[in-house]
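Peer 1: Requesting a structural model of the entry that follows:
(2 chains)
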Amino acid sequence: MPDLLIEIGCEELPASACRDAEQQLPGLLRDALAAAGLPAQAVRVHVAPRRLAAIAEGVLGERVSEGSEQLGPRAYAPDQARAGFARKHGLAVEQLVERDGFVWATIEAASAPAGELVGEVVSEVVAGLQFAKTMRWDGGRFSRPVRWLVVKLGEQPVEVAVMGVTSGVESHGHRTAGGEVRIGSAASYLEDVRGVRVVADAAERRDLIEEGLNQAGEWIDPMGKLDEVVYLVEWPMVLEGRFDERYLQLPQRIPITAMQSHQRYFPLVREGELEARFAFVANGGDPVVVVQGNEEVLVGRLQDAAFALDKDLARGLDAMLAELGRVSFLEGGGSLADKSERVHEVAGQLCERVESEPGTRDAVLRAAELCKADIVSALVAEFSDLQGYAGSVYARHGGEPEAVCDAIDQHHLPVEAGGALPAGEAGALLSIADKADTVAVAFALGAQPTGSRDPYGLRRAAAGIVTIALARGFELGLGELMAASVHGLVAQGHDLKRKPLESVPHAVGFVLDRVEPLMLEEGVSVEEIRAARGSGVSGPLPLAALCRALRDARGSERLAELRDAYGRCARIAAKGAEEAATAVDTSRFEMDEERALCAALTVADIEIADAAARRDFASALEAAAAMVAPINAYFEAVMVMADDPAIRGNRLKLLADVASTLRLVGDFEQLPG
Amino acid sequence: MTTFQSMIADLQSYWEARGCTIMQPYHTEVGAGTSNPATLLRVLGPRPWRAAYVEPSIRPDDGRYGENPYRFQQFYQYQVILKPAPDDVLDVYLGSLAAIGIDPAEHDIRFVEDNWESPSLGAWGLGWEVWMDGMEITQFTYFQQAGGIELDPVSVELTYGLERIGMHLQKVRRAHDMLWSADVSWADVYLDNERQFSAYNYELADTAMLARHFDDHEAEAGRCLEAGLPLVAYDQVLKCSHAFNLLDSRRAIAVTDRQAYILRMRRLSQAVSKAYLAAQEEPADA
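Peer 2: Model (predicted):
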């Protein structure tokens, strides 16, 4: 059985597009082959900047021509249903058969040699690739223009046209040192392109790069550039450059950032100390020339950094602070000075709520005043990645306490999902206050994310709030924090063009949404998350605690009983909502079961509230489960819809109260039966 | 020795040989060669267009009084615009490097993702920054939209940073030392210019006058559009844009006003683009 090779030749793809393609291609190829009736034994993918290659091994040479039977409508269904079913499968009504009370369609797949079917497979694979950003050119729409295509089934070339190109047998090698090459087959592909200076397989390139870096010395990659560099080269060549030792006197993160950001160099260290050397990955050229050029670029960047640092130190943090009034934060959301003022207020409230030590509180509040100043610094203008760190350097230079400097440095963290969290409590509190203000203000201004558009990075900010709060066990009172931000915005004279606090619940909900992926990772089901959200808990911490309690109770008899008992109360209470009394009147009770249920509710109210306050939702669930017996007894004995409207209203109100108390530990109707 | 002027001459003849109309710089200040109507307006509509030209890029806020080795309030771009974008444009570009004495096989030439967007022009595109041994030497963009209008066919724009490339070819660390001609340096030609314009841009420019000019040119653009003169209106938009850049370098634009200024310029460029395109679609004069 032959192997199928598809090589899509492109102009240089972005690293992110390479990674997307690498993930998607195996599934796309497998599915497209299966749909064509040409299942493969194995699929592999080789991705480089100028090529996406997908190989299916052991493809059947001919379509499997097994017929299949499709189940249709019931035999007694009206004629239109039969006609529609027949039409759907391209058959005449007379070709349908009846069996076991149903109508069936027998579909015969016509046999066809694989070569004829491959065209469709290639089109489907190419069309199926999804990139975050795509562009148009005269051939179609893709991450970057497609310029050639090689398709081979075994040794045989297959002619296919997609994206304005027709497949051939010629591939292209390294852009400046390669040339064209004739591809033999899937089996020879990697060696064929290696001959024209292309290592097509990303894992192999990564190995080569790591090997080269290891030879250069002890390398570091704090900004995670290797994952990108692997997809920026087709013929990796690890080289080593040097710079003047005097730049080692800069605060360490500055030369590291000068090397890593934009240039994607790998700093070399010895026993934890930076060396005046760096390693980098080139894609070709004369090593002497290439090293010299890169050294010059780095010297330029280090000079810029040193110059900016001197200028900033001479200017001082206070002068930078004075400029924040001129820098816009969010469209319509005022300046960074306005933002700092609000963050100061929110951070103060947060410190009170989490009962932080006075020393921590002082550091947070001072850092809140200073933390945005470095945005107007010359250093951050050159290297935006140094935001926060630059401010901490200037604060230290200005004699601020170490705790303040650390909080300034850490308040940007985490910079990405799974990234490092602020190491200190002050940094953690300031980070939350800053992000909560950003989210609250964006929502208040109607600038919340829509679809995949999230220009202000609000999802990342919200995820940061959640991760820090959960890691540190902070009780946030998000609604109040965010309301404080919005009040601040109004007090600063910004026109929201809507009721100020209208947006707060949405902003809180948006942050709580970010708890969900974390819970899924912990094995909580989607239904359990929905049930927990339905409880109305309003902070990441209680939401996570309730999710976990529901997960732990999954499958238990007590939970099933509780769900059913809750469902009966909730449904009847909802149906009779308009008739319900405004408050339960115990003097209108006629049956012992009513009195028993009311008494049980009083106990459950207290116990659930207590347990929830301790974030002990396992106990809260126990307290709720204690209601099951009185609820069931009640429904056996009591006729809720009594003839007397006063008694009926009283009974409906009691059940509504029971349901709302139970719902504090979850909207159980969301759980599967 | 490749002088600055001979490098430009080599680029001119290279692109001339590839069918480009060799244009001259535009007559009013632009922040980039993209804003020259030979690019921004010519990319609209179906008519093919190939042009190349040097453009002085005027960016008041980038001035450093001539003290920074490679940052100036005026620098030179070499702009190539090809419509429709040819299939082999990357290799043709590499050929242009060879034409000015850069052997692509000797260097590490890389096409690194870089996407471009201009909110005030309602324009965006995808492409690369071209690296030579780690140094960015060219911007490469497939235009997708201009003046808020989807482009069909798609044009490709190449923008060479001439000072950087010239410094590399002459192996000098400061633009000041780069030879413009055989016996005249960049500093001879431009150092005083940088000092004086930096002082004007940062210290002297009359902000009240500039704000008035912005309003006046905006109004004039409107009148020109009404009179069916989009090319003239576009000049007025460019003058608005330069007034805005100067106001910005004078720190005279309040946070709350910045977005409004940008929106005013975007509205105008979109209206101009629409009018220009409509005029293109009318049957050509006999």
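
Peer 1: For stretch B:173-180, buried residues please.
Peer 2: Of the residues in stretch B:173-180, those buried by neighbour count under the rule 16 or more other C-beta atoms under 10 Å in any protein chain shown are B:175, B:176, B:178, B:179, B:180. From N, CA and C alone the C-beta is placed, and that goes for glycine too.

Peer 1: avg pLDDT for it?
Peer 2: This predicted structure assigns stretch B:173-180 an average pLDDT of 94.

Peer 1: Please apply the same query to stretch A:617-633.
Peer 2: Averaged across stretch A:617-633, the pLDDT comes to 94.

Peer 1: Can you give the distance from that stretch to the centre of its chain?
Peer 2: Centre-to-centre, stretch A:617-633 and its host chain are 37 Å apart (C-alpha atoms, centre = their mean, to the nearest Å).

Peer 1: In the chain, where's the longest helix?
Peer 2: Since no chain was named, I'll use chain A. For chain A, the longest helix by residue count, based on DSSP state H, is helix A:287-323.

Peer 1: Chain B, not that one
Peer 2: Ranked by residue count, the top helix of chain B under DSSP H comes out as helix B:255-281.

Peer 1: Neighbours of the residue of chain A found nearest chain B, how many?
Peer 2: The shortest separation between chain A and chain B is 2.5 Å, found at residue A:293 (distances taken as C-beta to the nearest C-beta). Under the neighbour criterion other C-beta atoms under 10 Å in any protein chain shown, residue A:293 is assigned a count of 21.

Peer 1: Quick check: chain neighbours aside, which residue is closest to it?
Peer 2: The shortest distance from residue A:293 to any residue other than its chain neighbours is 2.5 Å, reached at residue B:133 (C-beta to C-beta, 6 or more residues apart in numbering or on different chains).

Peer 1: next one: residue B:172
Peer 2: residue B:178 (5.4 Å).

Peer 1: Just give the number of residues close to the residue of chain B found nearest chain A.
Peer 2: Across chain B, no residue is closer to chain A than residue B:133, which sits at 2.5 Å (C-beta to the nearest C-beta). A total of 24 residues lie near residue B:133 under the criterion other C-beta under 10 Å.

Peer 1: which residues does it contact?
Peer 2: Neighbouring residues of residue B:133 by C-beta atoms under 8 Å, 6 or more residues apart in numbering or on different chains: A:282, A:285, A:289, A:290, A:292, A:293, A:294, A:297, B:107, B:108.

Peer 1: Give me the buried entries from those residues.
Peer 2: Members of these classed as buried by 16+ other C-beta under 10 Å are A:282, A:285, A:290, A:293, A:294, A:297, B:107, B:108.

Peer 1: Now the two most distant members of these.
Peer 2: A:285 and A:297 (14.0 Å; C-beta to C-beta).

Peer 1: Isn't residue A:300 up against residue B:70?
Peer 2: Yes - contact criterion C-beta atoms under 8 Å: residue A:300 and residue B:70 qualify, at 7.4 Å.

Peer 1: Please spell out which residues along stretch A:535-544 are buried.
Peer 2: A:535, A:537, A:538, A:539, A:540, A:541, A:542, A:543, A:544.
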